[in-house]
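Novice: My questions concern the predicted model and sequence given below.
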Amino acid sequence: MREKIINFFKKWLSFVGYTTTVPMELSNQDILTFIEAMKSVSGYDFSEYTEKSFYRRIEKILVDNHMDINQLILKIKNHPEYLEQIVKDITVNTTELFRDPETWQILKYQVLPKFQDLPVINIWHAGCSTGQEVYSMLILLNEMNLFDRAHLIATDINSDVLDVADKGIYKYRAISEYIDNYNKVIKENPYNYDEFNDIPYTKYFTVEKVDYTIRVKPFLRKKTIFLKHDLVKDRNIFDRHFDIIMCRNVLIYFNHNLQNRLFEFFYENLNQNGCLVIGKHEGMLSPIANKFKKKGVVFIKKE
Ligand SMILES: C[S@@+](CC[C@H](N)C(=O)[O-])C[C@H]1O[C@@H](n2cnc3c(N)ncnc32)[C@H](O)[C@@H]1O
């Protein structure tokens, strides 16, 4: 009954030509209709994204664009470029340099040393956002003398963030937020407090005082192939298996079925002893977990 009244009210507002900037409560049916429309006109499938975050994003899109859900559906059906913009608006792109330093410390001291003898190290950053995770990896590899052997692919569903990642230009104020993480991973050793490697971040970034940006140095920038890839529908299009798959803070937006399918998919596309790294608020609950050795959020494929 409540839903019927809300829908009637929404239709009436739209009939009299009024579009509200106050978020309207969306019904499950509204969301399902929107997801179906996206799927039918584009192939993007958001049906297995977690409801809470997805609802919030759609509500924000409606408020920002002064539309109701029916107007949004109509517009995505008729304007493919607008649909691409909506996909970008749905995604959450928060990231930082050396995000969750403990994870990078595990990689540095417990995982990467085991790759010292590999002639090639294939790495995939799935859901790389604006690239800070990729540059963190490259800095770490460089400090461990593994840089030349590494081949990196970084993907995301959102092509705008890939452009930022490829350029490697960030706001200067971000560096002050990142510097603590950088120091924890690159300068300090949590297993030996006497050790201190005084490597300034300016080894990897140039600071542009004119436009208040920091720029990733070209030798790091040139190393990665950035590609658009949708984890929901695209398979391994890269023609290789991986030694490291980083998929952090992406699975949290997916329901358990999709998460489990992706865990299977990542497992199949890892080399023996290769590792999958997930976010610190993510977990692996499916039976596939038995096929991995776990070190924090690093899952190493068993022999
Ligand atoms: C919160 S960011 C995580 C960035 C980085 N991995 C980190 O941990 O800092 C999540 C990223 O996943 C991407 N994403 C969401 N759905 C995706 C999908 N179906 N396929 C590929 N990437 C997706 C988003 O565009 C966003 O850039």
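Specialist: Here it is on my side, so go on.

Novice: So is the strand ranked longest in the chain next to the ligand?
Specialist: Using DSSP state E, we find that the single longest strand of the chain is strand 270-278. No - using Cβ under 6 Å from any ligand atom, strand 270-278 stays clear of the ligand, coming no nearer than 9.2 Å. Bear in mind the C-beta positions are built from the backbone N, C-alpha and C, glycine included.

Novice: what's next to that strand, contact-wise?
Specialist: 103, 107, 111, 114, 122, 241-248, 251, 263, 266-267, 284, 292, 297-301, 303 (Cβ atoms under 8 Å, 6 or more residues apart in numbering).

Novice: what about the helix or strand following that strand, distance to the chain center?
Specialist: Proceeding N to C from strand 270-278, the next assigned helix or strand is strand 292-295, under DSSP states H and E. How far strand 292-295 lies from its chain's middle: 22 Å, per Cα atoms, centre = their mean, to the nearest Å.

Novice: Name the strands paired with strand 292-295 and say parallel or antiparallel.
Specialist: Strands flanking strand 292-295 in the sheet, each with its direction: strand 298-301 (antiparallel) (DSSP bridges).

Novice: quick one: average confidence on the strand it pairs with?
Specialist: Averaging pLDDT along strand 298-301 gives 98.

Novice: pLDDT below threshold where in the chain?
Specialist: Low-confidence segments of the chain (pLDDT under 70): 1-24.

Novice: after the helix or strand containing residue 29 comes which helix or strand?
Specialist: Following DSSP H and E, the helix or strand that holds residue 29 is helix 28-42. Proceeding N to C from helix 28-42, the next assigned helix or strand is helix 51-64, under DSSP H and E.

Novice: just the helices in the stretch 101-250 of the chain please.
Specialist: 101-106, 132-143, 159-167, 172-182, 218-221 (DSSP state H, counting those that start in this stretch).

Novice: Only the C-alpha atoms, please, for the last one, written as PDB.
Specialist: This means helix 218-221. Extracted C-alpha coordinates of helix 218-221, given in PDB (Å, rounded to 0.1, in the frame of the first residue of the first chain):
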ATOM      1  CA  PRO A 218      57.400   8.500 -16.600                       C
ATOM      2  CA  PHE A 219      59.300   5.300 -16.000                       C
ATOM      3  CA  LEU A 220      56.500   4.200 -13.700                       C
ATOM      4  CA  ARG A 221      53.700   5.400 -15.900                       C
END
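
Novice: That helix packs against which elements?
Specialist: helix 132-143 (3 or more Cβ pairs under 8 Å, 6 or more residues apart in numbering; DSSP states H and E).

Novice: Just the angle for the helix it packs on relative to helix 159-167, thanks.
Specialist: Interaxial angle, helix 132-143 versus helix 159-167 (axes from the mean of the first three to the mean of the last three Cα atoms, to 10 degrees): 20 degrees.

Novice: How about helix 132-143 and the ligand, any contact?
Specialist: Yes - with Cβ under 6 Å from any ligand atom as the criterion, the ligand is reached by helix 132-143 at residue 133.

Novice: Mind exporting the C-alpha coordinates of that helix to PDB?
Specialist: Output of helix 132-143 as PDB, limited to C-alpha atoms (Å, rounded to 0.1, in the frame of the first residue of the first chain):
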ATOM      1  CA  GLN A 132      47.100   4.700  -7.000                       C
ATOM      2  CA  GLU A 133      47.100   1.000  -6.200                       C
ATOM      3  CA  VAL A 134      49.000   0.300  -9.400                       C
ATOM      4  CA  TYR A 135      51.700   2.900  -8.700                       C
ATOM      5  CA  SER A 136      52.000   1.600  -5.100                       C
ATOM      6  CA  MET A 137      52.800  -1.900  -6.600                       C
ATOM      7  CA  LEU A 138      55.300  -0.500  -9.000                       C
ATOM      8  CA  ILE A 139      57.100   1.500  -6.300                       C
ATOM      9  CA  LEU A 140      57.300  -1.600  -4.100                       C
ATOM     10  CA  LEU A 141      58.500  -3.800  -7.000                       C
ATOM     11  CA  ASN A 142      61.200  -1.200  -7.800                       C
ATOM     12  CA  GLU A 143      62.400  -1.100  -4.200                       C
END
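
Novice: in it, what counts as buried?
Specialist: Buried residues in helix 132-143, counted by 16 or more other Cβ atoms under 10 Å: 132-143.

Novice: just stretch 186-201 next, same as before
Specialist: Neighbour-count burial for stretch 186-201 [16+ other Cβ under 10 Å]: 186, 201.
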